[in-house]
Structures are given as C-alpha cells and as structure tokens.
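Enquirer: Could you work out the structure for the sequence below:
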Amino acid sequence: MDEAVTLAKHIDAADRVVVFTGAGISTESGIPDFRSPGGVWSKMQPIYFQDFVSDREARRESWRRVFNRTEGWTGAEPNAGHFAIAKLVETGKISSVVTQNVDNLHQNAGVPDEKVIEVHGNASYAKCLQCGKRYTYESLKPRWEVDEDLTCEFCTGLLKSGTISFGQAMPEDKMTFAESEALSCDLMIALGSSLVVYPAANIPIIAKQNGAKYIIINREETEHDVYADAVFNTEIGPLLRETMTELGLPLS
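Expert: Numbering: from 1, shown residues only. This is a model prediction of the structure:
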C-alpha cells in the first residue's frame, strides 16, 4: 500500500509526532459520529449547557441519555487505529494525542491518561460543575433511580457527564496543553476529524504554521486539505495497521 509506505516514511523521519483525532477513528469501533446522516445529532437534539444548568427537565433528559446509553459514546472497544497510536506513544514517537472524542478509547487501547488531551471532555464519568469531583456512573445510578436530578455529595453543585456541551466553556488547561504540544511537534497527523469544529481545529494549524509537517487521514475531504503535506482519504484502522508493519512494529 503506497499510502502506508508514505505515512511510515513521514513518521520515521519525525522526532516528535502529535496526533489529533476526531470521530472518524471511533466510527470504526461502532461509535456514532455527530453530524452525518444517522449520526447522534440527526437522531436527537443536543442539550445546551445553559439549558442543563437552568432547567431541571433538561438535566433529567441528559441523565436519561447517559444511563440508557442513548448517545452511544460508551461501551465500544478500541480498533487497530487506536492500538497503533498506543504503540507509537509507547515507543516515544508520539508525544501526545489531542482528541475531540469523548469515548475513552485511546486510554482503553493503552495510551496513558496524561498523554491524552481531551478538549471535548470524557463521557465515561460524571463531574461536579462546581468543585470538579469525579463520579463513576455506577455509583450514581442508584441515586438517579430515586431522584433524576443529581448533585455533588461534597459541595451540592450540579453533576454532569464529563463531556463538554454546546455552549460550555472549553477546558482552558487542556487547550493550553494542546497548543503547546502543537508548537513542539515536527509532525501533526489529523485522523478522522472533519476539522470544522473550532477552536479545537486550530490545533493542527498551529503546528503547521510553526513549521511542522501536516498529514490528514479522513474518509472525506476537509477544509484543511490545502494546508496538508499529504492527504489520505481512506479508512484509518487498515492504513495504520499497514503503516505499523512498514515501521517494523506490527500489531498483534
């Protein structure tokens, strides 16, 4: 596969790689994306952050989606793309993974939590909006079954899924970390992102403007294609599996 050979050469030549991932890497694990026909937002309306905070019924609906897994963001398994990234992190080639995904699949594949920069949060746990205390859904479900409006046991703040909702402020510390990683890499690889959701989509551009090579792997064309050094419109998992073989790091 010529694409795998080209991608392997770029990775091999780089000293510090940063990967930027979007929904496309996880759709290969069965996680629905957001905007395409059949995606999450074609089946249900998003609950805006201000509505969650101000409207008890909006909070109840949000928690119903969490415990019924309506949005489909949890429960899947990592695929070859996730495992390839994890192996390249382990070897030290990839310094960090900046992800728009909330499914925890990078960590499940073996990427250390401190190497994953989740700019849109994480759907695998709940968090207090006031003090930041984390909760497992398992610990909250008995309380939810009695009262669908959940508050923190420590400060009485509202509890919410760890995802960043529409209208909610981006995590400043994560964005700062992502930008610093973009400025320090010499190869940026965007995987499965439509690259239209800002400010997150600025991260690869920051790397490119600072002199890094920029590669995009996505099934469809993106607005960033004109800035990229190489664009591969193909499935991510199979390409990365073949690339790992080219690098002498075959996936088991």
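Enquirer: For the chain, give me the ranges with low pLDDT.
Expert: 1, 33-44, 70-75 (pLDDT under 70).
Enquirer: can you map out the strands along the stretch 51-200 of the chain?
Expert: Remark: strands of the stretch 51-200 of the chain, listed N- to C-terminal, are 94-99, 116-118, 121-128, 134-135, 159-163, 187-191; assignment by DSSP state E, counting those that start in this stretch.
Enquirer: what comes up buried for stretch 172-180?
Expert: Of the residues in stretch 172-180, those scored as buried under the neighbour-count criterion (16 or more other Cβ atoms under 10 Å) are 174-175, 177-179. No exception for glycine: its C-beta is placed from N, CA and C like everyone else's.
Enquirer: residue at max distance from the center of this structure?
Expert: If you look at how far each residue of the chain sits from its centre, by Cα atoms, centre = their mean, the farthest one is residue 146, at 32.4 Å.
Enquirer: any idea how far residue 140 is from it?
Expert: With distances defined as Cβ to Cβ, to the nearest Å, the gap from residue 146 to residue 140 amounts to 11 Å.
Enquirer: same question, residue 76
Expert: Between residue 76 and residue 140 the distance, using Cβ to Cβ, works out to 21 Å.
Enquirer: before we move on, what about residue 178?
Expert: As for residue 178, its distance to residue 140 is 29 Å (criterion: Cβ to Cβ).
Enquirer: Hmm, residue 207 and residue 214 touching each other?
Expert: Yes - between residue 214 and residue 207 there is a contact at 6.5 Å, judged by Cβ atoms under 8 Å.
Enquirer: Please say which of those two ends up with more neighbours.
Expert: It is residue 207, of residue 214 and residue 207, that has more neighbours when counted by other Cβ atoms under 10 Å, with 26 against 23.
Enquirer: Over to the more buried one: give its phi and psi.
Expert: For residue 207, the backbone dihedrals are phi -60, psi -50 (criterion: degrees, to the nearest 10).
Enquirer: same thing with the one 5 residues further on?
Expert: Residue 212 adopts backbone torsions of phi -80, psi 150, taken as degrees, to the nearest 10.
Enquirer: rewinding a little: dump the strands of the stretch 51-200 of the chain into JSON lines; add distance to residue 152 as well.
Expert: Rendered in JSON lines, the data for the strands of the stretch 51-200 of the chain read as follows (distance: least, Cβ to Cβ, whole Å):
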{"stretch": "strand 94-99", "distance to residue 152": "26"}
{"stretch": "strand 116-118", "distance to residue 152": "21"}
{"stretch": "strand 121-128", "distance to residue 152": "4"}
{"stretch": "strand 134-135", "distance to residue 152": "8"}
{"stretch": "strand 159-163", "distance to residue 152": "6"}
{"stretch": "strand 187-191", "distance to residue 152": "36"}
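Enquirer: Kindly state which of those is positioned closest to residue 31.
Expert: Closest to residue 31 of the strands of the stretch 51-200 of the chain, according to Cβ to Cβ: strand 121-128, at 9.8 Å.
Enquirer: neighbouring strands for that closest one, and are they parallel or not?
Expert: Strand pairing for strand 121-128, determined by DSSP bridges: strand 134-135 (antiparallel), strand 159-163 (antiparallel).
Enquirer: Next, show the common contact partners of residue 214 and residue 207.
Expert: Taking Cβ atoms under 8 Å, 6 or more residues apart in numbering as the criterion, residue 214 and residue 207 both touch residue 188.
Enquirer: Spatially central residue for the protein, please.
Expert: When the chain is reduced to its mean C-alpha position, the closest residue under Cα atoms, centre = their mean turns out to be residue 101, at 2.2 Å.
Enquirer: quick one: contacts for that residue?
Expert: Residues in contact with residue 101, defined by Cβ under 8 Å, 6+ apart, are 21-23, 25-26, 31, 118, 120.
Enquirer: So which of those residues wins on neighbours?
Expert: Comparing those by number of neighbours (other Cβ under 10 Å), residue 25 comes first, having 31 neighbours.
Enquirer: in what helix or strand does that one lie?
Expert: Secondary structure assignment for residue 25, by DSSP states H and E: helix 23-27.
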